[in-house]
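Enquirer: 3D model of this:
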Amino acid sequence: AERVGAAIGVAVKPAGELRLQPVTDRFFFWLRATALETRRLANWWAERMLLTPRPLQEKMALFWHGHFATGAEKVRDYRKMLAQLALFRRCATANFRDLLVGVAQDPAMLVFLDAGRNVKGAPNENFGREVMELFTMGVGHYTEADIREAARAFTGWTTDDLSFRVDVTRHDDGIKTVLGHTGRLDGVAVLDIIMQQPATAQHIADRLYRFLVRDELSPAFRQRLGGLLADCNFEIAAFLRTLFLSRDFYSPASVGAHIKSPVEMIVSTYRRLGLRELPGVPDFNAVCGELGQVLLNPPTVAGWAQGRAWITPGTLLARGNFAREVMFPDMIGFTDPMLDPGSVVRAVNTRIQRGMDVASATAEGPAVETGAAESGPRPAGREDFNTRYASLQGWQQAMRRIRPIPRAAARFSLSDNVTQAGCVDAAETVDLLLDRFLGMPVDDEVRARLIGFLETQLGTSSIARARSYMEEPLRLLTHLIMSTPEYQLA
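Expert: The predicted structure is shown next:
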């Protein structure tokens, strides 16, 4: 902006103080707006998971999101994240090779793994390394030389904002050797070489099996799964069909062996309650953060650890708290995270509202408390922009312009469910709710204690006598069921 007089569609002020402030404000508006839109996008995806008639498609999109992990905090463009999500959904059960090429040319992935810095003469190895280590073969099936040569093949791969292109001036079209293959290899050729490696089929089959079935599998079984995927020519739908019809999928070792991820648990809870919209209270993104799986922001390029890693003393308690928030949403104490810019921005806003000038309002130290300028009047031209003020302006503009997330609580009636099922006593009611919310039976002692708890809360065992006031006792009971170890399993 300083060099050419404008940037991102905003002109520099021709004179006066804070000449670059309009450009800076626009830049911070984009940062804040795309962060809020990313939260809305995650909320929208969760509701799609809830309402879709094709739940396998969404579950596989979730799997690929964790496998080809891309974080919105680095991408900083919700449009790119939305396009990547559309790719995962479109190729959810399609051919893995097509998906792999699509991801390699996906603008969000190109930004996330620094494709813009991967140029002829100075290759950046980020994508070349991750495509072998995490996305395809796994550790131990390639060399550092393979990574360096593969990085050369991907040079020049970049974006025109939302579309893929190759910058031929930055592409290295020289001879390369990758995994024993030599030639003027480009990125697609390298991906095809990787697809030919037996380790790729085994790694992908292993990841799919662990996500959909259980964590424990022997090396021999892993090899068999890889052979099955290769025999299917990497057609994911064919592989899943064989997997879901196998004896192994329904064996005692597999049933109840899958620990639900936070997103799976949240969405399955709402599906079991029969909801037709995603509740706004509790906030979906906030709950995901407490449970350790924020959609569109995996912790690293390796994605989320699965299985037992989901359960710690803290997250198990948080899962129980989520159950209580669903049953008894706090509509009075709730504050909308979409409207919370943080303490620093709030402090600057308060000072501006009190009439302080920009320099004083954004200063640090004693002047902040007194309202005085920290070192007397500010000389004209001392600064051309103020990022703290821009952060405030960015949040103000973003929160005015971004569509809010509806904040209704979950709408359901357990009393209606019990009445419609014809339950006559506490025992039948407990059995109904256990069958609805758990995928496996609890032992007799737990069942007996739940029956006793409900009878105490109702003051009777008769459902007919308690019909007019049984909703809260039923919600208390359901909270207990959702807090059991069995509820964490699928």
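Enquirer: off-centre distance for stretch 73-93?
Expert: On the basis of C-alpha atoms, centre = their mean, to the nearest Å, stretch 73-93 is displaced by 11 Å from the centre of the chain it belongs to.
Enquirer: same check on stretch 99-118?
Expert: Stretch 99-118 has its C-alpha centroid displaced from the chain centroid by 18 Å (C-alpha atoms, centre = their mean).
Enquirer: quick one: end-to-end length of that stretch, please.
Expert: As for stretch 99-118, its first-to-last residue distance stands at 22 Å under the measure C-alpha to C-alpha, to the nearest Å.
Enquirer: again with stretch 101-118
Expert: With C-alpha to C-alpha as the measure, the ends of stretch 101-118 fall 17 Å from one another.
Enquirer: stretch 332-341 now?
Expert: 20 Å.
Enquirer: again with stretch 293-311
Expert: Between the opening and closing residues of stretch 293-311 there is a gap of 12 Å (C-alpha to C-alpha).
Enquirer: just the buried residues of it, please?
Expert: Judged by neighbour count using 16 or more other C-beta atoms under 10 Å, the buried positions of stretch 293-311 are 293-298, 301, 303-304, 306, 310. Bear in mind the C-beta positions are built from the backbone N, C-alpha and C, glycine included.
Enquirer: one more: stretch 40-59?
Expert: Using 16+ other C-beta under 10 Å as the burial criterion, the residues of stretch 40-59 that qualify are 40-51, 57-59.
Enquirer: measure L99 to H65 for me?
Expert: When C-beta to C-beta, to the nearest Å is the yardstick, L99 and H65 sit 12 Å from each other.
Enquirer: can you list residues touching both of the two?
Expert: Common neighbours of L99 and H65 are listed as F88 (criterion: C-beta atoms under 8 Å, 6 or more residues apart in numbering).
Enquirer: now Q457. Nearest residue, chain neighbours left out?
Expert: Closest residue to Q457 in three dimensions, ignoring its sequence neighbours and counting by C-beta to C-beta, 6 or more residues apart in numbering: P473, at 3.6 Å.
Enquirer: could you say which helix or strand contains that neighbour?
Expert: With elements taken from DSSP states H and E, the one containing P473 is helix 471-482.
Enquirer: buried stuff in that helix?
Expert: Under the neighbour-count rule (16+ other C-beta under 10 Å), helix 471-482 has 471, 473-475, 477-482 buried.
Enquirer: list of residues touching that helix?
Expert: By C-beta under 8 Å, 6+ apart, the surrounding residues in contact with helix 471-482 are 269, 319-320, 323-324, 326-328, 413-415, 418, 429-430, 433-434, 437-438, 450, 453-454, 457-458, 466, 487.
Enquirer: now swap in stretch 446-456 and tell me
Expert: With contacts defined as C-beta under 8 Å, 6+ apart, stretch 446-456 is touched by 426-427, 429-431, 434, 442, 461, 473-474, 476-477, 480-481, 484.
Enquirer: tell me which of those residues is nearest to E17?
Expert: Comparing the contacts of stretch 446-456 against E17 with C-beta to C-beta places L476 closest, at 60.9 Å.
Enquirer: just give the nearest non-adjacent residue to the spatially most central residue of the chain, would you?
Expert: Relative to the mean C-alpha position of the chain, the nearest C-alpha, by C-alpha atoms, centre = their mean, is the one of L295, at 1.2 Å. Nearest residue to L295 in three dimensions, chain neighbours excluded: A42, at 4.0 Å (C-beta to C-beta, 6+ apart).
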